[in-house]
Structures are given as structure tokens and as C-alpha cells.
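Attaching a predicted model along with its sequence, questions to come.
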Amino acid sequence: MEIDKIEKVHSIGYRLKDAKVTINQDIKFNVAGTKTEGTQGEVLNMPQWIGKILSDNNLAALDSADMITELKQALSKEKMVGEYQISTLDPHFYIKLKESMNQLSRDDFDKIESIMLELFRMRRGKLVKLADSIKLNSELYNKLTVEESIFYKTIHENSVEFEKQIRGEVNE
């Protein structure tokens, strides 16, 4: 599966996860078998996608992580671990970050995008070096985002194939 398809599947999965939502006004609805009731000020757990709809319509406030702060912390951690190690990111880090960035003004978006690209390029360089030398193991897998895992596997497989070709080994 290609990265964009896997990212789409994981984006859907992320939106199905529960999120905390603070109700702005009394609500009661039943959509597709999901019954929800809430009074003003109440905090409920509900699927992310429902919380987003309520938030977009000013019926509730979706409690979500400050992804800009998380991005800055991730970049700082990545710099601290050094050139030969990689820090841990949430598997849906880039999915959540892109969703958060879509809410920003153009100027803020450009500033945050440059920080994101710095983190991305730093991690990509490390992943290429690692993927060239070792197969993806569970310890490393747990440190990567969904997109990075696919990227890593692709680089590793291509590196192994390239080495076989150079050595003159025949695939059967």
C-alpha cells in the first residue's frame, strides 16, 4: 500500500478515536445509532469526528492537544538525541499536525510548516541511514509515525534489492 492510502486509513482511524468535548449548550441527538445527550459545561467522550462537527457549529469545544507546542518539543527532542538515534513520535503525529495546521492563518501556517519541514528532514535523514543498515524492529517501529514506518520499509527493501543487484545475486 502506498503512503497516501495508509495515511488515509489511519486518518479515518484517528477520527474514530474518542476525544474529550466540552458542551457549550444543551444537546441531544441520535445519528447513525449514536445517541448523545449533554448539558452546558459537561465534558463528554465521543468520537473525534462527532466532536469536530459539534465544534465547527459552536455547540461544543473539542479538547485537543496543542500540536504547535508538540511540534516544537518534537524538534527539540530530535536535536537532543543526536545524529544516530531517533526520538519517539505518536503514530498519528503528522496526521494531527496537518489537521491543526489547516486551522491557521497563512502567515502562521508558513512559520509552522518551516518547523515541520525541519523536523521531517532531520528524521528522514536518520531513517535513510538506519533503513540502509537494519530491518525495522519493534523498538524502532514504536518510535515512528505511520508514514515513517512505510518510508522506512520501502528504503530498507530497496536497499536490500540494490545490494543484491550489485553483488550479482539472482532473484528467483
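Cool, got the structure.

Return the set of buried residues in the helix or strand hosting Glu139.
Element membership of Glu139, judged by DSSP states H and E, is helix 138-141. Neighbour-count burial for helix 138-141, counted by 16 or more other CB atoms under 10 Å, picks out Leu140. (C-beta placed from N, C-alpha, C; glycine too.)

Quick one: list the elements packing against it.
Contacts defined by 3 or more CB pairs under 8 Å, 6 or more residues apart in numbering; DSSP states H and E place helix 138-141 against no helix or strand at all.

and whatever helix or strand comes next after that helix, what other elements does it pack with?
The helix or strand immediately downstream of helix 138-141 is helix 146-167, counting by DSSP H and E. The contact analysis (3+ CB pairs under 8 Å, 6+ apart) places helix 146-167 against helix 3-16, helix 93-101, helix 106-133.

which one of those helices has the most crowded surroundings?
Highest mean neighbour count among the helices and strands packed on helix 146-167 (mean count of other CB atoms under 10 Å): helix 93-101, with a mean of 19.

which residues are contacting that helix?
The contact list for helix 93-101 (CB atoms under 8 Å, 6 or more residues apart in numbering) reads 7, 10-11, 14, 64-65, 67-68, 70-71, 74, 90, 109, 112-113, 116, 145-147.

Same check on stretch 30-48?
For stretch 30-48, using CB under 8 Å, 6+ apart, the contacting residues are 14-29, 50, 60, 62-63.
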